[in-house]
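Colleague: Take a look and give me a structure for this.
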Amino acid sequence: MNNYSDFIEINFEKRFGKPIVKGTRISVYDVLSWLSNGMSRQEIIDDFPELSKKQINACLAYAANKEHKLLHAS
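Modeller: Modelled structure (predicted):
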């Protein structure tokens, strides 16, 4: 997923400017944390029905892109 910007935004009036899933107050960090703690995409959606699999994948793509930029900056 190259176009995660369709799903992720940074709004300084929400969550102190952390990247969040558009239309929610759920941060990319929240989603990554749930996944890293073993939750499946479906379990996340069951707990947070405002999220979709595409939005969860966008969080992963955002994190991967950020990591890629860090690798090339050093």
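
Colleague: Which parts of the chain are helices?
Modeller: 28-36, 41-47, 53-73 (DSSP state H).

Colleague: Identify the residue spatially nearest to residue 65, adjacent ones excluded.
Modeller: Leaving aside its sequence neighbours, residue 65 sits nearest to residue 4 (Cβ to Cβ, 6 or more residues apart in numbering; 7.0 Å). Yep, even glycine has a C-beta here, placed from its N, CA and C like the rest.

Colleague: Then residue 24?
Modeller: residue 50 (5.5 Å).

Colleague: CA atoms only for stretch 26-34 - export them in CSV, please.
Modeller: The C-alpha trace of stretch 26-34 is given here as CSV (Å, rounded to 0.1, in the frame of the first residue of the first chain):
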residue,chain,number,x,y,z
ILE,A,26,-6.8,6.1,17.1
SER,A,27,-3.1,6.6,16.6
VAL,A,28,-0.9,4.6,14.3
TYR,A,29,1.1,3.7,17.4
ASP,A,30,-2.1,2.2,19.0
VAL,A,31,-2.6,-0.1,16.0
LEU,A,32,1.0,-1.1,15.8
SER,A,33,1.0,-1.8,19.5
TRP,A,34,-2.1,-4.0,19.3
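
Colleague: re the thing from before, between the helices of the chain, which one is nearest to residue 21?
Modeller: helix 53-73 (5.0 Å; Cβ to Cβ).

Colleague: How about that closest one, which residues are buried there?
Modeller: By 16 or more other Cβ atoms under 10 Å, the buried positions in helix 53-73 come out as 55-56, 58-63.

Colleague: ok, residues contacting it?
Modeller: Contacts to helix 53-73, defined as Cβ atoms under 8 Å, 6 or more residues apart in numbering, come from residues 1-2, 4, 6-8, 19, 21-22, 28, 31-32, 35, 41, 44-45.
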